[in-house]
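> sequence-free structure coming up:
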Ligand SMILES: [Zn+2]
């Protein structure tokens with residue numbers, strides 16, 4: 001009887017513990033997942049800075065694809081006519097999502113550049129993002145980049161690392 005009474009809270013506690021461990025575990029997995037290809041990152045950062053210097057402050061944009069062992073950037077056209085904005089063409093996105101699927105890969109977010117200013121998602125960035133997706137922002141002022149998770153209308157900064165691959169960086 002006593003064991004049954006005591007079993008309730010203790011079971012609850014262990015359930016909480018399991019949940020906490022699971023959450024920590026998933027965070028660790030998440031941290032490992034945010035590994036980007038260094039050559040591709042360098043190439044896009046150069047492109048982002050070149051576009052920013054172009055005079056009209058153009059932004060570059062594209063999709064983030066989870067290739068299994070690392071994340072990679074797939075550039076798309078920026079079809080926004082507004083300066084300091086980016087918009088992906090639905091057709092481009094559909095094509096990349098389908099191609100990734102064939103390769104057993106997954107589109108997990110978007111990237112774009114900020115020609116001027118910090119690598120923090122703006123209000124419009126968050127509003128137009130798919131919920132629970134990644135967003136990488138290239139900062140052309142600082143020549144760096146930041147990774148964010150957009151979830152529930154909020155942006156949370158994520159840690160990232162770079163993997164050196166043998167991609168032809170031409
Ligand atoms: Zn932005």
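It's in. Predicted, not measured: the structure shown is a model, and the values here were computed from it.
> CA atoms for contacts and neighbours, from now on please.
Will do.
> Wait, a helix at residue 50?
Yes: secondary structure of residue 50 (DSSP: H, G, I helix; E, B strand; the rest coil): part of a helix.
> residues in contact with residue 136?
Going by CA atoms under 8 Å, 6 or more residues apart in numbering, residue 136 touches 64, 109, 110, 111, 112, 145, 146, 147, 148.
> Tell me which residues of the helix or strand encompassing it come out buried.
If you go by DSSP states H and E, residue 136 is part of strand 133-139. With burial defined by 16 or more other CA atoms under 10 Å, the residues of strand 133-139 counted as buried are 133, 134, 135, 136, 137, 138, 139.
> any idea which residue sits dead centre in this structure?
Central residue of the chain (CA atoms, centre = their mean): residue 134, 2.8 Å from the mean position.
> In this structure residue 150 contacts residue 128, no?
No: taking CA atoms under 8 Å as the contact criterion, residue 150 and residue 128 are not neighbours in contact, 10.1 Å apart.
> right, and the helix or strand after the least confident helix or strand in the chain by mean pLDDT?
With mean pLDDT, DSSP states H and E as the measure, the helix or strand of the chain carrying the lowest mean pLDDT is helix 2-33 (a mean of 49). Read in the C-terminal direction, the helix or strand following helix 2-33 is strand 35-37, with elements assigned using DSSP H and E.
> what packs against that following strand?
For strand 35-37, the packing partners by 3 or more CA pairs under 8 Å, 6 or more residues apart in numbering; DSSP states H and E come out as strand 71-76, strand 161-163.
> which outside residues touch the first one?
The one in question is strand 71-76. Outside of strand 71-76, the residues that reach it under the criterion CA under 8 Å, 6+ apart are 33-37, 40-41, 60-66, 88-89, 92, 111.
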